[in-house]
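J.: dropping the sequence and predicted coords here.
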Amino acid sequence: MKTIKVALAGAGAFGVKHLDGIRNIPDVEVVALIGRDLAKTQTVADKYGIKFVTTDLSEALALPELDAVILCTPTQMHASQTLQCLRAGKHVQVEIPLADSWRDAEEVLQVQKETGLVAMVGHTRRFNPSHQWIRNKIDAGDLSIQQMDVQTYFFRRTNTNALGEPRSWTDHLLWHHAAHTVDLFQYQTASSIVKANIIQGPIHPVLGIAMDMSIQLQAANGAICTLSLSFNNDGPLGTFFRYICDKGTYIARYDDLVTGKEEVVDVSNVDVSMNGIELQDREFFAAIREGRQPNSSVESVINCYKVLGELEKQLL
């Protein structure tokens, strides 16, 4: 089997998660690492045995052996870099979100269709074993979602990343963190969102973003979703999904799942790994090999960004 040669852009906290996941995937080699800080990027490259290091994505795209790119760069760069990769003839997986505007998301979809290349967005919740277990039950006719109650809580009153290190860009509750839930709600209900409301709290005087947000969604099939997001919450941290179904209640915490009574649900046999990021990467490379669009392709997640764009208009 031909080895897929991939470049990874973004040597920060999430880029490292992808490098760890790719280590478990056969016949895939990371041949280039791109980062903002050359010295820090070189340190990560040395750890993972990556020979080509640069601060310029275009230099990596020029490598003749390169097949694909994974983008773990700042949100504001996602759409433009995805377009850059597609126009260079490379398959691309971009971390969530695809874009921070509806117009940019539409352009990426148009170019993907023109090129026919694999273009995938890192909507990891589709791949977490916990959410896959719920989806399998829904597909089997064993469950029907009545309501999703979701809490996305972080403590980020300073501009730091998941490792507590200073960040060169500003994160966003709507275009980044809400994207996970908006897409997952449509995916799990297999129904488009027909109503969406949003309110937000005060704008942070330094970061320039709202630190608290509340979103209500309703799907065409009648299911509802309430999403609370905060950068002000001082623990517990993370995203917690409560599925209130016609037959049972379940709480998903990333790759783990419990019932509403905190009884552990065994999801170890749902997929080949318990790591959602690894499963996401496996799907990306499988789609390239099989000449198909992947689960969480740009086209399959595009409605999420349309809803986010409509929500943004309510805040103007």
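T.: Great, that's in hand. Residues are numbered from 1 along each chain as shown.
J.: name the residues that touch stretch 284-302?
T.: Taking contacts as Cβ atoms under 8 Å, 6 or more residues apart in numbering, the residues outside stretch 284-302 that touch it are 1, 4, 6, 25, 28, 67-68, 70, 91, 93, 98, 105-106, 108-109, 112-113, 118-123, 126-127, 183, 280, 283. For glycine as for every other residue, the C-beta is placed from the backbone atoms N, C-alpha and C.
J.: now do it: distance to the chain's middle.
T.: From the chain centre to the centre of stretch 284-302 is a distance of 14 Å (Cα atoms, centre = their mean, to the nearest Å).
J.: which residue ranges form the helices in this structure?
T.: With helices called from DSSP state H, the chain shows them at 13-22, 38-48, 57-61, 78-87, 102-115, 129-139, 179-189, 276-290, 298-315.
J.: low-confidence regions, this protein specifically.
T.: Across the chain, residues meeting the criterion (pLDDT under 70) sit at 159, 161-164, 167-169.
J.: domain-wise, how is it divided?
T.: 4-123+276-296, 128-270 (the TED database).
J.: nearest to V307, of the ones you listed?
T.: domain 128-270 (5.2 Å; Cβ to Cβ).
J.: out of the domains of the chain, deepest packed?
T.: Ranked by mean neighbour count, the domains of the chain are led by domain 4-123+276-296 with a mean of 19 (mean count of other Cβ atoms under 10 Å).
J.: got the end-to-end distance for that domain?
T.: 20 Å (Cα to Cα, to the nearest Å).
J.: what do you get for stretch 43-59?
T.: 19 Å.
J.: show me how far it is from its chain's centre.
T.: Using Cα atoms, centre = their mean, the offset of stretch 43-59 from its chain centre is 23 Å.
J.: list of residues touching that stretch?
T.: 7-9, 11, 15-16, 19, 23, 30-38, 41-42, 60, 63, 69, 81, 84-85.
J.: mind redoing it with 7 Å?
T.: The list of residues contacting stretch 43-59 from outside it, by Cβ atoms under 7 Å, 6 or more residues apart in numbering, reads 9, 11, 16, 19, 30-36, 38, 41-42, 60, 63, 81, 84.
J.: now stretch 107-125
T.: The contact list for stretch 107-125 (Cβ under 7 Å, 6+ apart) reads 79, 82-83, 86-87, 91-96, 98-99, 131, 180, 183-184, 276-277, 280, 284, 287-288, 293-294, 296-299, 301-302.
J.: how about a cut-off of 6 Å?
T.: 79, 82-83, 86, 91-96, 98, 131, 180, 183-184, 276, 280, 284, 287-288, 294, 296-298, 301-302 (Cβ atoms under 6 Å, 6 or more residues apart in numbering).
J.: and that stretch, end to end?
T.: With Cα to Cα as the measure, the ends of stretch 107-125 fall 24 Å from one another.
J.: how far is that stretch from where the chain is centred?
T.: How far stretch 107-125 lies from its chain's middle: 13 Å, per Cα atoms, centre = their mean.
J.: one more: stretch 71-86?
T.: 13 Å.
J.: quick check: end-to-end length of it?
T.: 12 Å.
J.: ok, now stretch 226-236?
T.: Termini of stretch 226-236 sit 19 Å apart (Cα to Cα).
J.: and it, how far from the chain's centre?
T.: Its chain's C-alpha centre and that of stretch 226-236 lie 18 Å apart, by Cα atoms, centre = their mean.
J.: neighbouring contacts of that stretch?
T.: Taking Cβ under 6 Å, 6+ apart as the rule, stretch 226-236 contacts 149-156, 173, 177, 181, 211-216.
J.: nearest to I251, out of the helices of the chain?
T.: helix 129-139 (8.8 Å).
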